[in-house]
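Student: Fold the following for me, if possible:
(one chain, ligands or ions: 3)
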Amino acid sequence: MQSLSQFLASDASSASLQEVLLVTTQTCIDISSALKKGSLAGILGMAGNENVQGEEQKKLDVISNNMLKSALLASPAVRAIASEEEDDIVPANTDGEYLIAFDPLDGSSNIDINSMVGTIFSIYHQVGSEPATEADFLQPGKNQVAAGYVLYGPSTMLVFTTGNGVNMFTLDVEQGEFILTRENVKVDNETQEFAINMSNQRFWSEAMQNYVNDLVAGKDGPRAKNFNMRWVAAMVGDVHRILCRGGIFIYPWDKKDPNKPGKLRLMYEANPMGMLLEQAGGKAFTHTDRILDIQPEGIHQRVAVVLGAANEVDKCLSY
Ligand SMILES: O=P(O)(O)OC[C@H]1O[C@](O)(COP(=O)(O)O)[C@@H](O)[C@@H]1O
Ligand SMILES: [Mg+2]
Ligand SMILES: [Mg+2]
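Tutor: Numbering: from 1, shown residues only. Ligands and ions are numbered 1, 2, ... in the order given. Below is the predicted model:
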């Protein structure tokens, strides 16, 4: 039974990257404990604010953001952070080597129904020698040195990569540490399961409507096989299912709100999940581009996402 710190020591990560990963994941253990208390701690419900993207913040969005922020800013290895719940980047230590972007609580609409949520993180090298600016964060996802998530489900799981494959850890609640429980996860090239929010169907491109119609047509349609559908409403839960048993996840471009051509955030959601999927042998694209190749224009940028089983992603894009 290998603990996270033992694993990291053998994973060829630098001491400072190990430090950043340990601080991040230890804070997620604290977030997990807070989530377990739920209503008893008076932490459910709305915070009464909006984030920079005009989304209403839940109390737990703010609590988990503040927990990660204060832990990471105190770590000497951290140069700056960027968060879905912060308007701007927050500089940390001038000698820090790493930039951390995170979605402190993904799927926060699930909190009030006691369903799956998670924390997603993405780590880059600081490039310049000056105090960090937003421009330092605007690196394509292929520059990530590590990426992962912590899923707060029936058990709390850590899934991450440092570019040497994807490994899964389960929180041992008694010991308060993550234990390696699944090594070198791979996603099958083929699948019969898709995830998309069907209620947006009328807003999608014609090509996306045709693709999903053909999935739903099952054995009687051009794909000649039946597909199952799942939607957790937390990307972290949908991606975890794909890493565990395969599938394709799509949050496509839609015309519902012209200011939001994609819903998911490039830096906090698409890039870290894209790196995980590629490391597991899958693919991650927008409608046209490999997600990890996108040159970000802003830290809160949104993109369309098609990720999962390699052959199914190719099939989707071929429409
Ligand atoms: O409301 P919808 O359309 O089901 O969208 C769900 C998607 O939105 C997100 O919840 C956005 O994440 P946040 O909770 O961090 O804003 C994704 O995790 C998820 O895939
Ligand atoms: Mg999210
Ligand atoms: Mg969030």
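
Student: roughly how far apart are the most far-flung residue of the chain relative to its centre and ligand 1?
Tutor: In the chain, the residue that sits farthest from the middle, by C-alpha atoms, centre = their mean, is residue 220; the gap is 35.0 Å. In this structure, residue 220 and ligand 1 are 28 Å apart, going by C-beta to the nearest ligand atom, to the nearest Å. Placement of C-beta: from N, CA and C, glycine included.

Student: Just the pLDDT for that residue.
Tutor: Taken from the predicted model, the pLDDT recorded for residue 220 is 96.

Student: Check this protein for the residue nearest ligand 3 and tell me.
Tutor: The chain approaches ligand 3 most closely through residue 103 (4.3 Å), counting by C-beta to the ion.

Student: is that residue in a bridge, and if so with what?
Tutor: In this structure, residue 103 has beta-bridge partners residue 120, where bridges are defined by DSSP bridges.

Student: could you measure it against residue 313, distance?
Tutor: Distance of residue 103 to residue 313, given as C-beta to C-beta, to the nearest Å: 22 Å.

Student: ok, now residue 45?
Tutor: Between residue 45 and residue 313 the distance, using C-beta to C-beta, works out to 38 Å.

Student: Look at those two and report which has more neighbours.
Tutor: residue 313 (22 against 12; other C-beta atoms under 10 Å).

Student: Just the buried residues of the host helix or strand of the more buried one, please?
Tutor: Applying DSSP states H and E as the criterion places residue 313 in helix 310-318. Under the neighbour-count criterion of 16 or more other C-beta atoms under 10 Å, helix 310-318 has 310, 312-313, 315-316 buried.

Student: cool, and stretch 191-201?
Tutor: If you call a residue buried by 16+ other C-beta under 10 Å, then stretch 191-201 has these buried ones: 191-196.

Student: before we move on, what about stretch 168-186?
Tutor: For stretch 168-186, by 16+ other C-beta under 10 Å, it's 168-169, 171, 177-181, 185.

Student: From the rest of the structure, what touches it?
Tutor: Contact with stretch 168-186 is made by 1-5, 7, 25, 29, 32, 155-159, 165-167, 243-244, 280-281, as judged by C-beta atoms under 8 Å, 6 or more residues apart in numbering.

Student: and the helix or strand bottoming out on mean pLDDT in the chain, what other elements does it pack with?
Tutor: Within the chain, confidence by mean pLDDT, DSSP states H and E is lowest for strand 46-50 among all helices and strands, at a mean of 73. With contacts defined as 3 or more C-beta pairs under 8 Å, 6 or more residues apart in numbering; DSSP states H and E, strand 46-50 has these neighbours: strand 56-58, helix 59-73.

Student: Now do that strand: distance to the chain's middle.
Tutor: If you compare the mean C-alpha spot of strand 46-50 with that of the full chain, they lie 22 Å apart, counting by C-alpha atoms, centre = their mean, to the nearest Å.

Student: Have a look at the chain and report its longest helix.
Tutor: Using DSSP state H, we find that the single longest helix of the chain is helix 15-37.

Student: what is the orientation angle of that one with helix 59-73?
Tutor: For helix 15-37 against helix 59-73, the angle by axes from the mean of the first three to the mean of the last three C-alpha atoms, to 10 degrees is 160 degrees.

Student: Just the buried residues of helix 15-37, please?
Tutor: Within helix 15-37, the residues that qualify as buried by neighbour count (16+ other C-beta under 10 Å) are 16-25, 27-29, 31-32, 35.

Student: and ligand 3, which of the buried residues of stretch 191-201 reach it?
Tutor: With respect to ligand 3, and counting by C-beta under 5 Å from the ion, no part of these is in contact.
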